[in-house]
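Trainee: I would like the atomic coordinates for the input below:
(2 chains)
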Amino acid sequence: MIEIRNISKNFDSIKAVNNLSLEIPPGVIYGILGPNGAGKTTTLRIILNIIEPDKGEVLFGNRKVDLGVLNRVGYLPEERGLYQKEKAIEVLIYLAQLKGLNKRKAKERALELMEKFDLADRAYSKIEELSKGMQQKLQFISTLVHDPEILILDEPFSGLDPINSELLRNLILEEKARGKTVIFSTHILEQAEKMCDFVALISKGKKVVDGKLSRIKADYGKRTIKIEFEGDGEELKNLPHSSLRLYGRFAEIETDMELNEVLKELVDRVKILRAERTEPTLSQIYFTLVGGESENLNNNRI
Amino acid sequence: MKTLIITGFELKRVVQKKWFIISTILTPVFIILYAAFPVLIGALSQKERTLGMIDKTGIVIQEFQKEYSNSTLEKKQKKGKFNFDEKSIKIKIQSLKNIDEGKSLIASKKLDGILIIEDDFFKTRKATLYMRNVADTVFQTMVRTRLNRITELYLLKKLNLEENILEEILKGTNLKILKVEKGEIKKESMESVFTLYMIFSMLLFFGLVGYGQILLRRVIEDKRSRIVEVLYSSAPPYQIFMGKLLGVGIAGILQLFFWLGLGLIGYFYASSYFPSFNISAFFSKFLLFLLFFFTGFFLYSTIFLTIGSIVETEEDAQHLMGPIMMIITLPFAISFVLMMTPESWLTIFFSYFPYSAPFFMMMRSIISSISPMEIVASVMLVVLTSIVSVWIASKIFRIGMLHTGKKPTIPELIKWIRTG
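Mentor: Reported below is the predicted structural model:
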């Protein structure tokens, strides 16, 4: 269990993290979600002891962060880079040694992972000679090379092509299956929704909601009806006890009304092509809870 | 100890690079070239000059012609009677009718100079030399010396002295210069002492600045690629800081030892050519040099590390480095000027001021004698200042490496030092 207790961090007058508390159970995929500037990276850096909080503390199973703890953590920063002029294998060995592995073991693990990611033939190439995609894979390996128990990934999917994105997704699921804890931050809620067991939604350095994803959905999710239509979307407004989001030919209506009742209301206003009742999405929950503050957060990548 | 892992990695990153191997091999070549440069200049300046003369006394030109006739030169060469300024440089004398003839000969590069002697020369002692190249000081000195000689001779001859007395009077003095160190007479000449200090101080300067620059680039790379975040999540910042410092510093020391080895091999093969070279004295100086290199390295490198950790690009770093390089170059440059006065208060001051101490202590120990206590005191000061600056720099490093955006202001830096 990783416990984050009342941490706060100010940068000059900006409250990057404001009295945030989280509990991260072992063996889960935990998503820290929020728009850019919500304080996700700062929170992760505090967990990793890269920066110290002004207030509060982080405990790894009742133990304060020290080198022994950090040796069991693998970290993938949001902005990535490795020593361009050095050989891939040497950088991996170096980073593994820094995490407490001896040289022989480090080399063994590095080669094993390079094999797994189809990079074995480039082990002795300089990093600058590798393609961008290969460098991304190498960066994943550098995070995993010491076989950490906890993976902390900051916006891991940003900048990845679909192939590496899929690779990383599988990797995260695989590590979870091996009993590891994965903590990652993202502003793409759909991604988190598919993968996370637990999430924390944060906004402006403060926690909006956290806990088991299924539970959050049950507690906060309104029922949503999606329709595809022809006609003037404005006609869909003013439905009783509902809120509406328009996407051109599509609309999402959050309402407690039954589907039949809604259709009855709308059938005279527009031509309905398709209608379905759906689970509430995380972004809908976020919108509901945070409201207009989260304008840069939606289903699409920003 | 994670510092050791970082040290090892950073060391390997330096010594495995092509440029490191190239510079290790090329530096001795350049030093030899530097040492050979004065000899080369000397050789170039020894080419024959042609001097056009308009001599209204009729005496001066005769003496010049006598002096530079082939038979006189040969005689001198046999006797080994050359003064420093005249070594084997020949001057061809050509009598001119008038100045215009001379000017056109200079224009066609057939003459190097025109010497005009008025008929009252021995009274006024005034003569004029028109030169094709006024920077040719060797030529100027020769003409001046020769004119002095001729005048002396002319005046002495009036006294009707005997030839051998005349020769005695005109004989030059052979001043032998020896160095006394710790009550013992050393065989070193001024030139060898100067060359030794030049080599040591250049190695020191280029070593400190060169390795400092490497550190600067390393730190900027770490910061820009954000690999520093991964490092920070693996090791405490001061260990990363020390690891980098030591790794690059040891690379420098290795390079110096390689050169020392090369020098020793060279010495054993060619020792017969340098009979006056005192190998044990050199060794004691080299040890002192190593001591000052290593302590000075910490002092200078922390400047580079600090700059690297507060900027984001190499361009920004170069802007900041400009004025700092001027300050760093100063002790190196003025140590050559103050060589003349190794005991002056200014020299003593600079040999205790930490940022100039490595240069000035080296210089003083080579030029004159210096007590071990003085060396200890000066090294202590350098070490103490190094410790303080490592401490301050590591604080700035800790926060600066994660800092992005605009460069920090001085009050911000002070805050970092307090909280880092």
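Trainee: Neighbours of the residue of the stretch 201-350 of chain B found nearest chain A, how many?
Mentor: Going by CB to the nearest CB, chain A is nearest to B:S225 of the stretch 201-350 of chain B, at 2.6 Å. (C-beta placed from N, C-alpha, C; glycine too.) Using other CB atoms under 10 Å in any protein chain shown, B:S225 has 17 neighbouring residues.
Trainee: Please tell me how far it sits from B:Y352.
Mentor: 41 Å (CB to CB, to the nearest Å).
Trainee: try A:T143
Mentor: Counting by CB to CB, the gap from A:T143 to B:Y352 is 51 Å.
Trainee: Those two: who's more crowded?
Mentor: A:T143 (22 against 16).
Trainee: For the stretch 201-302 of chain A, give me the ranges with low pLDDT.
Mentor: Where the stretch 201-302 of chain A drops to pLDDT under 70, the residues are A:221-222, A:292-302.
Trainee: any chance you could map the helices in it?
Mentor: Using DSSP state H, counting those that start in this stretch, the helices of the stretch 201-302 of chain A run over residues A:213-220, A:259-266, A:282-290.
Trainee: could you say what helices and strands the second one packs with?
Mentor: In terms of contacts (3 or more CB pairs under 8 Å, 6 or more residues apart in numbering or on different chains; DSSP states H and E), helix A:259-266 is packed against strand A:224-230, strand A:271-278.
Trainee: in the last one, what counts as buried?
Mentor: With burial defined by 16 or more other CB atoms under 10 Å in any protein chain shown, the residues of strand A:271-278 counted as buried are A:A275.
Trainee: That strand versus helix A:259-266: what angle between them?
Mentor: Interaxial angle, strand A:271-278 versus helix A:259-266 (axes from the mean of the first three to the mean of the last three CA atoms, to 10 degrees): 150 degrees.
Trainee: What strands flank strand A:271-278, and is each parallel or antiparallel?
Mentor: strand A:224-230 (antiparallel) (DSSP bridges).
Trainee: Just the angle for the partner strand relative to helix A:282-290, thanks.
Mentor: Per the same axes, to 10 degrees, the angle that strand A:224-230 makes with helix A:282-290 is 110 degrees.
Trainee: okay, strand A:224-230 in CSV with CA atoms only?
Mentor: Written as CSV, here are the backbone C-alpha positions of strand A:224-230 (Å, rounded to 0.1, in the frame of the first residue of the first chain):
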residue,chain,number,x,y,z
THR,A,224,-26.8,8.4,-20.4
ILE,A,225,-28.7,8.0,-23.6
LYS,A,226,-26.9,8.4,-26.8
ILE,A,227,-28.8,9.3,-30.0
GLU,A,228,-28.0,9.8,-33.6
PHE,A,229,-30.4,12.1,-35.4
GLU,A,230,-31.3,14.2,-38.4
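Trainee: contact partners of that strand?
Mentor: Strand A:224-230 has contacts (CB atoms under 8 Å, 6 or more residues apart in numbering or on different chains) with A:236, A:249-255, A:259, A:262, A:266, A:270-281, A:284.
Trainee: residue in chain A nearest to chain B?
Mentor: Counting by CB to the nearest CB, chain A gets nearest chain B through A:G81, at 2.6 Å.
Trainee: Name the SS class of that residue, please.
Mentor: coil (DSSP: H, G, I helix; E, B strand; the rest coil).
Trainee: Against B:S233, how distant is the closest residue to it other than its chain neighbours?
Mentor: Once flanking residues are discounted, A:G81 sits nearest to B:S225: 2.6 Å by CB to CB, 6 or more residues apart in numbering or on different chains. As for B:S225, its distance to B:S233 is 15 Å (criterion: CB to CB).
Trainee: just B:T50 next, same as before
Mentor: On the measure of CB to CB, B:T50 and B:S233 end up 78 Å apart.
Trainee: Looking at these two now, which is surrounded by more residues?
Mentor: The residue with more neighbours, out of B:T50 and B:S233, is B:S233; 22 against 17, by other CB under 10 Å.
Trainee: Does the more buried one touch A:Y75 like I think?
Mentor: Yes - counting by CB atoms under 8 Å, B:S233 touches A:Y75, with 4.4 Å between them.
Trainee: What is the neighbour count of B:E163?
Mentor: With other CB under 10 Å as criterion, B:E163 counts 7.
Trainee: contacting residues around A:I272?
Mentor: A:I272 touches A:I227, A:E228, A:F229, A:L263, A:L266, counting by CB under 8 Å, 6+ apart.
Trainee: and if we set it to 6 Å?
Mentor: A:I227, A:F229 (CB atoms under 6 Å, 6 or more residues apart in numbering or on different chains).
Trainee: quick one: it from A:K207, how far?
Mentor: Distance from A:I272 to A:K207, by CB to CB: 39 Å.
Trainee: Without its sequence neighbours, what residue ends up closest to B:L246?
Mentor: B:T7 (4.4 Å).
Trainee: Just confirm that neighbour is within a strand.
Mentor: No - under the criterion used here (three-state DSSP), B:T7 is helix, not part of a strand.
Trainee: what's the neighbour count on it?
Mentor: 21.
Trainee: so after whichever helix or strand A:L111 is part of, what's the next helix or strand?
Mentor: Here A:L111, judged by DSSP states H and E, is contained in helix A:103-116. Using DSSP H and E, the next helix or strand after helix A:103-116 towards the C-terminus is helix A:132-144.
Trainee: any idea of the angle that next one forms with helix A:103-116?
Mentor: 140 degrees.
Trainee: Which elements pack onto helix A:132-144?
Mentor: Counting contacts by 3 or more CB pairs under 6 Å, 6 or more residues apart in numbering or on different chains; DSSP states H and E, helix A:132-144 packs against strand A:73-76, helix A:88-98.
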